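Asker: would you be able to build a 3D model of this:
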Amino acid sequence: MRFDEKKITLKDGRVCILKPAEPEPETAEALIDYMIQTAEETPFLLRYPDEIHYTIESEIAFLEHAAGDPRIIMMTAAVDGEVAGCASVNPVGGVRRVLHRGSLAIALKKKYWDLGIGTAMIAYLSGLAQEAGYEQLELGVIEGNDRAKMLYEKCGFAEMGKQVDAIRYDDGTYADEILMIRKLAGQK
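Answerer: Sure thing, here's the model as predicted:
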């Protein structure tokens with residue numbers, strides 16, 4: 001999905017630009033680096049850094065597909081020219097009975113936490129998702145990620161259940177995934 005850039009002022013006074021993830025080599029390389037860095041900074045993402053094997057070419061192809069699909073929203077947050085975070089909404093499925101559901105994912109580099117970027121991205125994504133025809137957004141948050149859960153609750157998400165032992169870490173421990181949902185404006 002294509003959408004307009006949006007500028008926000010962060011809590012520290014800097015400007016952040018929320019914009020589509022463009023299918024170009026510079027963006028692709030920055031997003032691959034971002035994925036590796038965020039996977040290194042927190043245990044609450046699905047992948048370990050060594051599991052990220054994208055090439056610039058494969059990332060460009062993915063971004064081209066996303067840009068051309070009116071139901072996929074890929075957003076980056078840029079601060080001082082650096083990718084600070086990325087968020088997306090993807091369809092839960094492609095059949096009519098689930099077309100109203102979108103899956104939201106978001107991560108920020110640690111040095112950009114607590115500046116208001118996550119809240120702004122979720123708010124903008126929610127409006128774009130509604131424009132794209134979604135009636136509800138869904139996400140999973142790993143148990144113990146209290147900061148993220150508080151952010152999602154602040155943005156209107158409510159806990160709907162739990163997937164027990166959804167994550168298995170390399171050390172053999174497990175973590176549950178808390179399932180959350182947000183009805184978009186005008187929906188029950």
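
Asker: for the rest of this, base every contact and every neighbour count on C-alpha atoms.
Answerer: Will do.

Asker: which parts of stretch 133-140 are buried?
Answerer: Across stretch 133-140, burial judged by 16 or more other C-alpha atoms under 10 Å covers Tyr134, Glu135, Gln136, Leu137, Glu138, Leu139, Gly140.

Asker: now do the strands in the chain.
Answerer: For the chain, the strands defined by DSSP state E occupy 6-9, 15-20, 73-79, 82-91, 101-108, 136-142, 158-168, 174-183.

Asker: got TSV for these, with mean pLDDT and distance to Ile122 too?
Answerer: Formatted as TSV, the strands of the chain follow (pLDDT from 0 to 100; distance: least, C-alpha to C-alpha, whole Å):
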stretch	mean pLDDT	distance to Ile122
strand 6-9	98	13
strand 15-20	98	11
strand 73-79	98	10
strand 82-91	97	8
strand 101-108	98	8
strand 136-142	98	10
strand 158-168	97	14
strand 174-183	98	11
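
Asker: what's the closest of those strands to Ile56?
Answerer: With C-alpha to C-alpha as the criterion, Ile56 lies closest to strand 82-91 of those, at 15.5 Å.

Asker: quick one on the thing from earlier: TSV please, covering the strands of the chain and showing distance to Leu125.
Answerer: Formatted as TSV, the strands of the chain follow (distance: least, C-alpha to C-alpha, whole Å):
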stretch	distance to Leu125
strand 6-9	11
strand 15-20	10
strand 73-79	8
strand 82-91	7
strand 101-108	9
strand 136-142	10
strand 158-168	17
strand 174-183	12
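
Asker: which of those strands sits closest to Pro49?
Answerer: Of all these, it is strand 101-108 that lies closest to Pro49, at 13.9 Å by C-alpha to C-alpha.

Asker: mind listing residues that contact that closest one?
Answerer: 38, 84-93, 118, 129, 134-139 (C-alpha atoms under 8 Å, 6 or more residues apart in numbering).

Asker: could you redo the last one with a cut-off of 7 Å?
Answerer: Contact partners of strand 101-108, identified using C-alpha atoms under 7 Å, 6 or more residues apart in numbering, comprise 38, 84-92, 134-139.

Asker: repeat that for stretch 30-43.
Answerer: Stretch 30-43 has contacts (C-alpha under 7 Å, 6+ apart) with Leu45, Arg47, Tyr48, Pro49, Ile52, Tyr54, Val83, Leu108, Lys109, Lys110.

Asker: farthest-apart pair in those, please.
Answerer: Across the contacts of stretch 30-43 (C-alpha to C-alpha), the longest gap, 21.7 Å, separates Tyr54 and Lys110.
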